[in-house]
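In: Take a look and give me a structure for this.
(chains A and B)
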Protein chains: 2
Amino acid sequence: MSEKISLLECQKRIAPYIHKTPVLTSQALNEIVGAQLFFKCENFQRMGAFKMRGATNAILQLSEAQRHKGVVTHSSGNFAQAVSLAAKSVGISADIVMPTNAPEVKQNAVRGYDGKITFCEPTLKARENAAQKIVNEKGATFIHPSNDMDVINGNATVAMELLEEHPDLDYIFAPVGGGGLLAGTALAGYYLGDNCIAIGAEPAEADDAYRSVLSGKIELNESANTIADGLRTTLGSINFPIIQKHINVIVTVSEDEIINAMKLIWERMKIIVEPSSAVALAAVIKSQNKIHNQKVGILISGGNVDLKNLPF
Amino acid sequence: MSEKISLLECQKRIAPYIHKTPVLTSQALNEIVGAQLFFKCENFQRMGAFKMRGATNAILQLSEAQRHKGVVTHSSGNFAQAVSLAAKSVGISADIVMPTNAPEVKQNAVRGYDGKITFCEPTLKARENAAQKIVNEKGATFIHPSNDMDVINGNATVAMELLEEHPDLDYIFAPVGGGGLLAGTALAGYYLGDNCIAIGAEPAEADDAYRSVLSGKIELNESANTIADGLRTTLGSINFPIIQKHINVIVTVSEDEIINAMKLIWERMKIIVEPSSAVALAAVIKSQNKIHNQKVGILISGGNVDLKNLPF
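Out: Just a heads-up that it's a prediction; the model follows:
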């Protein structure tokens, strides 16, 4: 029960700092899938992705003394922007460790939110070392992009808002990369849904979560050659037990299925979503026999794409 | 006064057949422009563009006898889809004359809405002849894409809905091609706004409306090499007098300004808009000194783009 209270307190805490994003529907896609789809559009969230929620919740939990020393994370993706903007909103400093090969568009976005970039070699080890060095030198607080209970609770508010508008959803499909969004969605569905089943959607090319749920331990990816760049990471020790407890099904989809789903959303709904978001619709399409005529929530995780590098 | 009644009756008439589209805002774009912007998103309209409104209003005005014989138009763009879908919604047949070089994606869209395509040579004369032939043979009613009072009134409902949500707009910027949307917007602003000024936005490469308003007669384009493919057409005898009476300013913008505005909308708002819609934001940006701190409506006319052929 305390988990439910944590979720409700978190939602209240971050509300002034985030957008309550719209839920869109599409008759065309309902007809294609044969179900009633409800798209929760975090591509319209501040900085363009749901990551704003978890980053904000983590930062708002810091003590005055901690705030004074700032925060640090390592990310080349949306979490880098989320921590930068959330820190700026609260008035504290953010150090972001990025690999030297991070796209310039992402570097500029971080700088646009006053994040201070430290570059490192493009390996996980180098990232972690660089972040740890900043923690040691400045006393800054490290925030993990997905394996952090405050981040997970923040992420849960996506599905919470969706369930507030549509309390009778049968399923919610969420993409799974590091596992922070899926864990949050699982908690929201369990505590606030009405027999709502959360389902993970994962690229077959980075199917560590699928294999982890089967084997009962955290599996790694040997490679992660997926266009869904937000979903290349692996599960962590905090979110995996939540996923194990609440998630029974993870649907894996091919790269073609991801691109096809992305094109459907762009062409039929006229909204810009990133490949990681399209993974959720791709999994819905793959499951269409099982969800026939059901009410299905789909978490559109973000809309930050490089328009110069589209898969169409 | 009867013009105002026509507008209100039209709005009521077409309501069951169209979407009431959302009005979006963007803090990022407000900051860039230095004004409060309200985007009326007809890219989310049925078939993806405002043209659905005018086509629907024209078709709903037909007598039973006329409905029985169907409708015909010539268009390679959004109006072809609009007439097809509006006719299908009302349960009558639609003949669409398209040039042989019309993109396959547009032909397929028309067929998807059960429009019956007749191909002709890609000249205005050939189009008109082919349409007239169908009128003669079938007794079908010809509907002009922009120079038709029922179409103009239908188009006016875009700005009417926007003004219902935001009655205190100082300006509304609408793109101008054939003049049907701008004429409708002018009427809506005049009869339903509170000192709301409608402004036309036009590509400099197809600036016939700009020159027509200056000279007091309908000017033609010698060429129309603009990416805003919906705005290459010229004004007509029915919409031009309305534009002359109510529109004082038409802002022309370069191709670079259009592409820059389109990119801003895609990247910052995460919505897909066609180049013709971006012309309106480009004109707003060009006018930013004059509209500083004002409330400005922007008509996003549609979102039908070929994802394989983007200008970024």
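In: okay, the residue nearest to residue A:25 when sequence neighbours are not counted: pLDDT?
Out: With C-beta to C-beta, 6 or more residues apart in numbering or on different chains as the criterion, residue A:25 has its nearest non-adjacent residue at 6.2 Å, and that residue is residue A:38. Every residue, glycine included, has its C-beta placed from N, CA and C. Looking at residue A:38, its pLDDT stands at 98.
In: One more: residue A:124?
Out: Taking residue A:124 on its own, its pLDDT is 85.
In: same thing with the one 10 residues further on?
Out: Reading off the per-residue confidence, residue A:134 sits at a pLDDT of 98.
In: How much space separates it from chain B?
Out: 29 Å (C-beta to the nearest C-beta, to the nearest Å).
In: Now the element after the host helix or strand of that residue, going C-ward?
Out: Residue A:134 belongs to helix A:124-138 when assigned by DSSP states H and E. On the C-terminal side of helix A:124-138, the closest following helix or strand by DSSP H and E is strand A:141-142.
In: Give me the residues contacting that following strand.
Out: Contact with strand A:141-142 is made by A:62, A:66, A:69, A:70, A:71, A:72, A:73, A:131, A:132, A:135, as judged by C-beta atoms under 8 Å, 6 or more residues apart in numbering or on different chains.
In: after that strand comes which helix or strand?
Out: Taking DSSP H and E, what comes next after strand A:141-142 is helix A:149-165.
In: picking that back up, what's the farthest-apart pair in the contacts of strand A:141-142?
Out: The two members of those with the most space between them (C-beta to C-beta) are A:62 and A:132, at 18.3 Å.
In: Please parse chain A into its domains.
Out: If you go by automatic domain parsing, the domain ranges for chain A are A:2-49+A:148-300, A:52-142.
In: Please name the nearest non-neighbouring residue to the residue in the stretch 1-150 of chain A positioned nearest to chain B.
Out: Using C-beta to the nearest C-beta, residue A:43 is the residue of the stretch 1-150 of chain A that sits closest to chain B, at 4.5 Å. What sits nearest to residue A:43 in space, not counting adjacent residues and going by C-beta to C-beta, 6+ apart, is residue A:303, at 2.8 Å.
In: who touches the one you found in this structure?
Out: A:43, A:44, A:48, A:49, A:271, A:272, A:273, A:274, A:277, B:270.
In: Check residue A:266 too.
Out: A:272, A:273, A:312, B:272, B:307.
In: Among these, name the buried ones.
Out: If you count burial by 16 or more other C-beta atoms under 10 Å in any protein chain shown, the buried members of these come out as A:272, A:273, B:272.
In: ok, the residue of the stretch 1-150 of chain A closest to chain B touching residue A:272?
Out: Yes. Residue A:43 is within contact range of residue A:272, at 6.3 Å (criterion: C-beta atoms under 8 Å).
In: any shared contact partners between those two?
Out: A:303, B:270.
In: Could you grab the helix/strand/coil label for residue A:96?
Out: Under DSSP: H, G, I helix; E, B strand; the rest coil, residue A:96 falls in the strand class.
In: bridging residues for it?
Out: residue A:73, residue A:117 (DSSP bridges).
In: Check the spacing between it and residue A:276 real quick.
Out: Using C-beta to C-beta, to the nearest Å, we find residue A:96 at a distance of 20 Å from residue A:276.
In: looking at chain A, which helix or strand is least sure?
Out: In chain A, the helix or strand scored least confidently by mean pLDDT, DSSP states H and E is helix A:104-112, which has a mean of 91.
In: burial count for the residue of the stretch 151-300 of chain A found nearest chain B?
Out: Per C-beta to the nearest C-beta, residue A:270 is where the stretch 151-300 of chain A lies closest to chain B, at 3.8 Å. A count of nearby residues for residue A:270, using other C-beta atoms under 10 Å in any protein chain shown, gives 24.
In: ok, it - contacts?
Out: Residues near residue A:270 by C-beta under 8 Å, 6+ apart: B:43, B:44, B:48, B:271, B:272, B:273, B:303.
In: Residue A:113 versus the residue nearest to residue A:46 when sequence neighbours are not counted, what's the distance?
Out: Nearest non-adjacent residue to residue A:46, counting by C-beta to C-beta, 6+ apart: residue A:52, 4.9 Å away. Distance of residue A:52 to residue A:113, given as C-beta to C-beta: 10 Å.
In: Common neighbours of these two, please.
Out: The contact sets of residue A:52 and residue A:113 overlap at residue A:85 (C-beta under 8 Å, 6+ apart).
In: higher neighbour count, those two?
Out: Just comparing residue A:52 and residue A:113: by other C-beta under 10 Å the higher neighbour count belongs to residue A:52, 28 against 20.
In: Can I get the helix or strand containing the more buried one in CSV, CA atoms only?
Out: Take DSSP H and E as the rule and residue A:52 turns out to sit in helix A:51-60. These are the backbone C-alpha positions of helix A:51-60, laid out as CSV (Å, rounded to 0.1, in the frame of the first residue of the first chain):
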residue,chain,number,x,y,z
LYS,A,51,12.0,11.0,-19.0
MET,A,52,11.2,14.5,-17.8
ARG,A,53,8.9,12.9,-15.2
GLY,A,54,11.4,10.6,-13.5
ALA,A,55,14.2,13.2,-13.6
THR,A,56,11.9,15.8,-12.0
ASN,A,57,10.8,13.5,-9.2
ALA,A,58,14.3,12.4,-8.4
ILE,A,59,15.6,16.0,-8.2
LEU,A,60,12.6,17.2,-6.1
